[in-house]
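Asker: Structure for this input, please:
(one chain, ligands or ions: 1)
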Amino acid sequence: MQFENLILEKQDRIATIYINRPKALNALNTDTLLELKDAVNQIKTDDSIDLLIITGSGDKAFVAGADIAFMQNLTAMEGRAFGALGQKVFMAVESLEKPVIAAVNGFALGGGCELAMCCDFRIASTKARFGQPEVGLGITPGFGGTQRLPRLVGMGMAKQLLMTADIIGAQEAKRIGLVNEVTEPEELINTVKNIAERILSKGQLAVRLTKAAVNEGTQADINRAMTIEADAFGLCFSTADQKEGMNAFIEKRKPEFTGK
Ligand code: CAA
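Answerer: From the prediction side, this is the model:
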């Protein structure tokens, strides 16, 4: 499939999506969101791919937000539909069975910060800048920011960022737990690929079940959450990867997982 607003690369079990609208600092319009949805769907059903990296084209922006020029004259109903589309696409990223890492290479503002937050975790370059500037435009965040930011950094810090529209640097984002690691810009993709390799060397069914247990369990009450974990744990014992992982340990050798 040919995309106009993003680039999809696939290599060595890793897919990389580059949001690619350099003239608008990779801002998200409807077409870009729809292409992102298609790309995620493609990755979901591609058995040769086990992990997704999302980043921005160029060296300035990850994604500078939803497209303000596009939103400028929307009606209330059009605004609602645009927000709902972004939410739906980001939910598809979040619930993709395969791990998703955000490689944040520059501005991650508004919808860009929200895109980074629907990934499993974020690695940032020193050039990354994060923020939810929406109130400065007279709107609320619309692609999940009011919900994912407090879940990631806590209610008080999230409300301060959401209400002030302050933009923070990569180190501050790391300090508050929004990103896990900060690298030099030229090392960003290699750092992310290195983390990806460590994930890919493990049993992929277990990785996917772990992701699902975290995502579903943290939305449930503790009793239901423990059942979700117990079910995931139990299911692992039906897999070849569990046999191989434990046999390899007992036989003091490296496991050779098949993802089966
Ligand atoms: N939408 C549309 N176009 C955008 C854009 C956006 N979010 N961000 C940047 N651009 C465009 C600019 O209009 C400019 O285009 P022209 O060259 O045609 O004028 C081009 O990208 C380069 O941007 P700047 O000249 O502004 O670059 P800068 O280095 O001076 O500033 C910036 C960079 C601080 C990121 C600044 O561009 C900026 O503040 N962008 C908007 C950030 C923002 O408010 N994002 C939130 C959007 S609302 C949202 O996302 C709602 C939601 O939750 C769904």
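
Asker: what secondary structure does Asp47 sit in?
Answerer: Under DSSP: H, G, I helix; E, B strand; the rest coil, the three-state class of Asp47 is coil.

Asker: Relative to Cys236, how far out is it?
Answerer: Noted for Asp47: a distance of 20 Å to Cys236, by CB to CB, to the nearest Å. (Glycine included, C-beta is placed from N, CA and C.)

Asker: Those two: who's more crowded?
Answerer: The neighbour comparison of Asp47 against Cys236 (other CB atoms under 10 Å) goes to Cys236, with 15 against 7.

Asker: mean confidence score for stretch 24-37?
Answerer: Stretch 24-37 shows a mean pLDDT of 98 in the predicted model.

Asker: Of all the residues in the helix or strand hosting Ala84, which ones are buried?
Answerer: Using DSSP states H and E, Ala84 falls within helix 76-94. Neighbour counts over helix 76-94 (16 or more other CB atoms under 10 Å) mark Phe82, Gly83, Leu85, Gly86, Gln87, Val89, Phe90, Val93, Glu94 as buried.

Asker: need the residues of the stretch 101-250 of the chain near the ligand, please.
Answerer: Counting by CB under 6 Å from any ligand atom, the stretch 101-250 of the chain comes close to the ligand at Phe107, Leu109, Gly110, Gly111, Glu114, Pro133, Glu134, Leu137, Pro141, Gly142, Phe143, Gly145.

Asker: Inside strands: which ones of those residues?
Answerer: When DSSP state E is applied, these are split such that Phe107, Leu109 fall in strands.

Asker: Pick the one among the residues of the stretch 101-250 of the chain next to the ligand closest to Glu244.
Answerer: Of all these, Glu244 sits closest to Glu114, with 38.5 Å by CB to CB.

Asker: Show the contacting residues for the closest one.
Answerer: The contact partners of Glu114, by CB atoms under 8 Å, 6 or more residues apart in numbering, come to Gly86, Phe90, Gln132, Pro141, Phe143, Gly144, Gly145, Arg148.

Asker: Let me know whether Ile53 touches Tyr18 as I believe.
Answerer: No. Ile53 is beyond contact range of Tyr18, at 9.2 Å (criterion: CB atoms under 8 Å).

Asker: where do the contact lists of those two overlap?
Answerer: Overlap of the contact sets of Ile53 and Tyr18 (by CB under 8 Å, 6+ apart) is empty.

Asker: Compare the two (neighbour count), which wins?
Answerer: Set Ile53 next to Tyr18 and count neighbours by other CB under 10 Å: Ile53 wins out with 22 against 19.

Asker: tally of neighbours for the spatially closest residue to Glu134 that is not a sequence neighbour?
Answerer: Nearest residue to Glu134, sequence neighbours excluded (CB to CB, 6 or more residues apart in numbering): Pro141, at 4.9 Å. If you count neighbours by other CB under 10 Å, Pro141 ends up with 23.
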